[in-house]
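Engineer: I would like the atomic coordinates for the input below:
(one chain, ligands or ions: 2)
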Amino acid sequence: MSEDLLELDRLSVRFLLGRRRGEVRAVTDASLRLRRGRVLALVGESGCGKSVLASALLGLLPANAQVRGRAVLDGEVELLGASERVLAERVRGRLVGLVPQSASTHLTPVRTARGQLLETVNALRPGSGPELVGELAERVGLRPGDLDHYPHELSGGMAQRVAVAMALAGDPPLVLADEPTTGLDRPLVHRTVDLLAETAADDRAVLLITHDLAAARRVATDVAVMYASRIVEAGPAGEVFEDPWHPYTAGLLAALPEGGFEPIPGHPPALTELERIEREWGCVFCQRCPDRPGSAPCNGSPELVAHGGRWIAAHVPC
Ligand SMILES: Nc1ncnc2c1ncn2[C@@H]1O[C@H](COP(=O)(O)OP(=O)(O)OP(=O)(O)O)[C@@H](O)[C@H]1O
Ligand code: NI
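Structural biologist: Numbering: from 1, shown residues only. Ligands and ions are numbered 1, 2, ... in the order given. Below you'll find the predicted structure:
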């Protein structure tokens, strides 16, 4: 059994838009290690590439996506090169559970939540049937009657919990949860992320994709910060949240209520422009950075570099 449950090495994803329209660079050279027993929060603004990274791991990208790199699960299954058959029969739901973003749109409108959860349970763990359905519902905080509703009768938060139950149904060693707390009120956010963190106990692990830095802070043991398709900072959650090195991470924390509600001015660059920006500036964050080259320690290289147990791109730790 490998200590690293997931080892991601230079994952890049581009979407080809056709001859005149160029390409979208959605993920660039993303490297990560997710150890057993850990919850890794992947945070960053909307559109930076978080969901694309997760979809790439499960072979769920559309045909115009070009994927490079390696993603090794448990030291043996290489996910990015795996055939559709391996992904369908061994990986999805069994080795890797997915809580998809916008969970309610992934439910079939014409069948009750119970029917759909039972179907998932029967496919992944034949013989465990209605008993496991009841157990899963209880774990995610649904009352038995909730499952008898059709998707359009469920609140966003209930649909979200059905999706978490489905992701846990196959008891997978790795759970990818993509914004699992959207639409939930604070107590339910806590309950959901606590439940996910519990599932990471022992030899399992969770990749928690979220905008919600407070939720990430609550349960993450590790954090990776993504900006404009690249991971710009990573390390133990406590250290990164206490003492962020990258000006982007510092900016995200300053935008929180307890950080003073000061959002980073400006917008992330268009993902079709990244090649040019990196050629001109080196660092993809430079155009928004309060620490511009010359006045601050930006070394202009987009590569993620290790310093002790932490990683940072383009900037040297202060
Ligand atoms: N099929 C596609 N073709 C072209 N571009 C795409 C395609 N799918 C996603 N993208 C682009 O890839 C980028 C990254 O999208 P992604 O969904 O990973 O962002 P995200 O970080 O998950 O954002 P959010 O927090 O809003 O979910 C976006 O700019 C998106 O428009
Ligand atoms: Ni997303």
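
Engineer: How about the lowest-mean-pLDDT helix or strand in the chain, which residues are buried there?
Structural biologist: Averaged element by element with mean pLDDT, DSSP states H and E, the chain has its least confident helix or strand at helix 274-281 (a mean of 88). If you call a residue buried by 16 or more other CB atoms under 10 Å, then helix 274-281 has these buried ones: 274, 277-278, 281. The C-beta positions use only the backbone N, C-alpha and C, and glycine is treated the same way.

Engineer: Was I right to think C289 contacts G282?
Structural biologist: No: judged on CB atoms under 8 Å, C289 makes no contact with G282 at a distance of 11.2 Å.

Engineer: What sits closest to P130 if chain neighbours are left out?
Structural biologist: Nearest residue to P130, sequence neighbours excluded (CB to CB, 6 or more residues apart in numbering): L118, at 6.7 Å.

Engineer: Quick check: mean pLDDT of the helix or strand hosting A54?
Structural biologist: A54 is part of helix 50-57, with elements assigned from DSSP states H and E. For helix 50-57, mean pLDDT rounds to 98.

Engineer: Then stretch 66-74?
Structural biologist: The average pLDDT for stretch 66-74 rounds to 97.

Engineer: does any bit of it sit next to ligand 1?
Structural biologist: No: Stretch 66-74 lies apart from ligand 1 when judged by CB under 6 Å from any ligand atom; the minimum separation is 10.9 Å.

Engineer: in the chain, which spans are helices?
Structural biologist: Per DSSP state H, the chain carries helices over the ranges 50-57, 84-86, 113-124, 129-139, 156-168, 186-199, 213-219, 237-242, 247-254, 274-281.

Engineer: hey, least reliable of those helices by pLDDT?
Structural biologist: Lowest mean pLDDT of these: helix 274-281, a mean of 88.

Engineer: which outside residues touch that helix?
Structural biologist: The contact list for helix 274-281 (CB atoms under 8 Å, 6 or more residues apart in numbering) reads 25, 28, 228-229, 269, 284, 286-287, 293, 300, 302.

Engineer: if you set the cut-off to 6 Å instead, what comes out?
Structural biologist: Identification of contacts with helix 274-281 by CB atoms under 6 Å, 6 or more residues apart in numbering yields 25, 269, 284, 302.

Engineer: Give me the distance from that helix to the chain's centre.
Structural biologist: 26 Å (CA atoms, centre = their mean, to the nearest Å).

Engineer: Could you provide the contacts of helix 274-281 in JSON lines, with additional columns for pLDDT and neighbour count?
Structural biologist: Shown next, in JSON lines, are the contacts of helix 274-281 (pLDDT from 0 to 100; neighbours: other CB atoms under 10 Å):
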{"residue": "R25", "pLDDT": "96", "neighbour count": "22"}
{"residue": "P269", "pLDDT": "93", "neighbour count": "20"}
{"residue": "V284", "pLDDT": "87", "neighbour count": "26"}
{"residue": "P302", "pLDDT": "86", "neighbour count": "21"}
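
Engineer: Can you say which two of those residues are spatially most distant?
Structural biologist: The largest separation in those, counting by CB to CB, is between P269 and P302 at 12.5 Å.

Engineer: Give me the subset of the contacts of helix 274-281 that also touch ligand 1.
Structural biologist: Residues of these in contact with ligand 1 (CB under 6 Å from any ligand atom): none.

Engineer: what about whichever residue of the stretch 101-250 of the chain sits closest to ligand 2, distance to T210?
Structural biologist: For the stretch 101-250 of the chain and ligand 2, the shortest gap (CB to the ion) falls at Q101, measuring 4.7 Å. Per CB to CB, to the nearest Å, Q101 is found 10 Å from T210.

Engineer: what's the answer for N299, then?
Structural biologist: From N299 across to T210, the span is 29 Å (CB to CB).

Engineer: Check Y248 too.
Structural biologist: 16 Å.

Engineer: And those two? Which one has more around it.
Structural biologist: Taking other CB atoms under 10 Å, Y248 and T210 do not tie; Y248 has more neighbours (28 against 23).

Engineer: Which neighbouring residues are in contact with the residue of the stretch 101-250 of the chain closest to ligand 2, exactly?
Structural biologist: 51, 178-179.

Engineer: how many other residues sit next to A237?
Structural biologist: Neighbours of A237 under the rule other CB under 10 Å: 21.
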